[in-house]
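Asker: sequence first, predicted model second:
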Amino acid sequence: MGRRGTTTGRRHRGRLAAALAALAVLAAGAAGSATAAGASVRPVLAAAGVHQAALAAVSCPRAKLCIAVGRRARPHGQAPFAERWRGGSWTGLAIPAPKASDAFLVAVSCASSTACTAVGGQASSQTKAGPLAEQWNGRRWRVTQASDPAGVTAGNLYGVSCASATNCVAVGTSQGRKRDVTLSERWNGRSWKVLPQLEVRRSVTLTGVDCTARFCMAVGEIEAPAQAGEVAMAAKLIRNSWQLVSTPGLAGSNLTVFYDDWCSSRAFCLAVGQYQGTTDKAIAEQWTGTTWTPQPMLAANQILFGISCFSSARCMAVGSGLSRPVGQQWTGTAWTSVPTANITGGSFAALYQVSCPTATRCLAVGARTSGALGAVGSPLAEEWNGSSWRVVAAASP
């Protein structure tokens with residue numbers, strides 16, 4: 001997002017990917033099944049052909065203008081999907097589809113109404129996996145990256161944040177020689193430049209990022225140092241180099257993940273995600289400029305995938321419970337659960353990302369299905385008016 005009053009200006013990213021595996025684990029836990037120690041909630045996609053469309057991310061450069069991206073089914077795989085919200089209804093946008101059999105977008109950030117950047121990945125039986133980046137100029141989409149950059153193997157991008165039209169940072173993961181390594185790139189208005197990897201000797205994935213004009217904080221998961229499993233991690237970007245920052249461990253867990261974050265400055269960020277252990281619950285932590293601190297949250301059997309703030313004292317996070325979307329509101333001192341809209345039909349629904357252009361307006365996107373977990377049937381969108389959520393009809397491809 002951007003600064004106060006224009007928080008829409010610098011994002012929004014998205015987490016459709018990690019959602020599917022995470023929600024499957026959550027449902028299994030609720031049913032009493034055990035989660036294998038060290039099971040990673042890495043971004044995955046549903047099998048091609050079992051869904052129609054899903055929205056993964058949304059960014060609102062103005063109060064009544066939002067751009068959302070995701071994926072849609074096609075005969076032999078999936079392709080990028082995009083829509084535009086103009087305050088009253090959604091309309092589909094034509095968007096290029098790479099030749100790869102599977103291509104998807106999971107994050108979007110709009111610096112203005114004529115400058116949006118979306119990222120994701122692609123793969124086919126003939127070519128290896130690689131990152132995908134597309135840009136919207138207010139009239140049309142164009143592909144700006146459709147293959148691994150030099151020195152990168154099987155990369156995917158999962159988050160993006162644009163402080164301006166000529167300053168975007170995208171993050172994700174790629175294959176190293178012995179482990180997964182970070183992939184991050186910076187857009188200068190003309191081309192993408194790969195940034196140095198985070199220097200760690202453990203597998204790591206960056207799932208989200210938020211940037212101001214001179215500061216970026218990325219979040220994700222990293223292999224636990226002394227036990228099986230993954231732990232939530234964060235890294236700040238200093239002069240085009242990533243620096244790992246310490247995050248507190250949560251006792252009794254074999255998996256904690258940050259999916260998304262929001263920063264107002266070098267001294268204030270919020271991150272949201274999930275905890276698996278003796279109980280499964282959503283988590284939130286606050287960055288004070290030197291340390292991350294866990295925040296109390298009543299969120300059992302919940303996962304939070306996305307967060308958006310109008311200011312450091314007014315934020316909304318969204319995700320999923322056992323079968324329905326959930327919302328959590330930050331008021332500057334505490335988190336409060338806010339019921340999402342009642343969804344009729346379908347056995348499962350989730351919200352993957354949210355964007356709040358004003359103090360009393362947020363738009364969240366996701367998917368719902370009448371089938372099994374991962375069988376994403378149709379796009380889902382909900383609007384927050386400052387006191388309640390309502391479902392707004394989203395276009396289908």
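Answerer: Sure thing, it's come through.
Asker: show me where this structure has its helices.
Answerer: 16-30 (DSSP state H).
Asker: the bottom helix or strand of it by mean pLDDT?
Answerer: Using mean pLDDT, DSSP states H and E, strand 11-12 stands out as the lowest-scoring helix or strand of the chain, at a mean of 36.
Asker: strands along the stretch 1-150 of the chain, start to end?
Answerer: Remark: strands assigned in the stretch 1-150 of the chain by DSSP state E, counting those that start in this stretch are 11-12, 53-62, 65-74, 77-85, 90-93, 102-112, 115-123, 130-136, 141-145.
Asker: just put the ones you listed in TSV and tack on mean neighbour count and distance to E199.
Answerer: Using the backbone N, CA and C atoms, a C-beta is placed for each residue, glycine as well. Formatted as TSV, the strands of the stretch 1-150 of the chain follow (neighbours: other Cβ atoms under 10 Å; distance: least, Cβ to Cβ, whole Å):
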stretch	mean neighbour count	distance to E199
strand 11-12	37	26
strand 53-62	29	29
strand 65-74	25	31
strand 77-85	23	33
strand 90-93	16	39
strand 102-112	28	24
strand 115-123	27	23
strand 130-136	24	21
strand 141-145	16	24
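Asker: and the ones you listed, which one averages the lowest pLDDT?
Answerer: Sorting the strands of the stretch 1-150 of the chain by mean pLDDT places strand 11-12 lowest, at a mean of 36.
Asker: now the protein, which segments are flagged as low pLDDT?
Answerer: The model of the chain has pLDDT under 70 over residues 1-51, 125-128, 345-346, 371-376.
Asker: would you tell me which strand is longest in it?
Answerer: strand 253-265 (DSSP state E).
Asker: just want the angle from that strand to strand 102-112.
Answerer: 30 degrees (axes from the mean of the first three to the mean of the last three Cα atoms, to 10 degrees).
Asker: identify whichever of the strands of the stretch 1-150 of the chain lies nearest to A300.
Answerer: Closest of the strands of the stretch 1-150 of the chain to A300 is strand 53-62, at 25.3 Å (criterion: Cβ to Cβ).
Asker: and S174, which of the strands of the stretch 1-150 of the chain is closest to it?
Answerer: The nearest among the strands of the stretch 1-150 of the chain, by Cβ to Cβ, is strand 130-136 at 8.2 Å.
Asker: dump the strands of the stretch 1-150 of the chain to JSON lines, plus distance to S184.
Answerer: Output for those, formatted as JSON lines (distance: least, Cβ to Cβ, whole Å):
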{"stretch": "strand 11-12", "distance to S184": "16"}
{"stretch": "strand 53-62", "distance to S184": "18"}
{"stretch": "strand 65-74", "distance to S184": "19"}
{"stretch": "strand 77-85", "distance to S184": "21"}
{"stretch": "strand 90-93", "distance to S184": "27"}
{"stretch": "strand 102-112", "distance to S184": "13"}
{"stretch": "strand 115-123", "distance to S184": "11"}
{"stretch": "strand 130-136", "distance to S184": "11"}
{"stretch": "strand 141-145", "distance to S184": "13"}
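Asker: so for L351, which of those sits nearest?
Answerer: strand 53-62 (9.3 Å).
Asker: parallel or antiparallel, which strands does the closest one pair with?
Answerer: Strand pairing for strand 53-62, using DSSP bridges, gives strand 65-74 (antiparallel).
Asker: return the distance of the strand it pairs with from the chain's centre.
Answerer: 13 Å (Cα atoms, centre = their mean, to the nearest Å).
Asker: tell me the angle of it relative to strand 130-136?
Answerer: Interaxial angle, strand 65-74 versus strand 130-136 (the same axes, to 10 degrees): 140 degrees.
Asker: so T256 is in contact with Q276, correct?
Answerer: Yes: using Cβ atoms under 8 Å, T256 is in contact with Q276, at 7.4 Å.
Asker: where do the strands of the stretch 201-350 of the chain begin and end?
Answerer: Counting by DSSP E, counting those that start in this stretch, the strands of the stretch 201-350 of the chain are 204-211, 216-223, 230-238, 241-245, 253-265, 268-277, 281-287, 292-294, 303-311, 314-320, 325-330, 335-338, 348-358.
Asker: re the thing from before, can you point out the buried residues in the longest strand of the chain?
Answerer: Residues of strand 253-265 classed as buried by neighbour count (16 or more other Cβ atoms under 10 Å): S253, N254, L255, T256, V257, F258, Y259, D260, D261, W262, C263, S264.
Asker: for those, work out which two are farthest apart.
Answerer: Farthest pair in the buried residues of strand 253-265, by Cβ to Cβ: N254 and S264, 32.4 Å.
Asker: re earlier: want to try TSV for the strands of the stretch 201-350 of the chain, with distance to V391 as columns?
Answerer: Output for the strands of the stretch 201-350 of the chain, formatted as TSV (distance: least, Cβ to Cβ, whole Å):
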stretch	distance to V391
strand 204-211	25
strand 216-223	29
strand 230-238	31
strand 241-245	38
strand 253-265	22
strand 268-277	22
strand 281-287	22
strand 292-294	32
strand 303-311	17
strand 314-320	13
strand 325-330	10
strand 335-338	15
strand 348-358	10
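Asker: touching, R142 and A133? I think so.
Answerer: No: using Cβ under 8 Å, R142 is not in contact with A133, being 9.9 Å away.
Asker: name the residues contacting each of the two.
Answerer: In terms of Cβ atoms under 8 Å, 6 or more residues apart in numbering, R142 and A133 are not both contacted by any residue.
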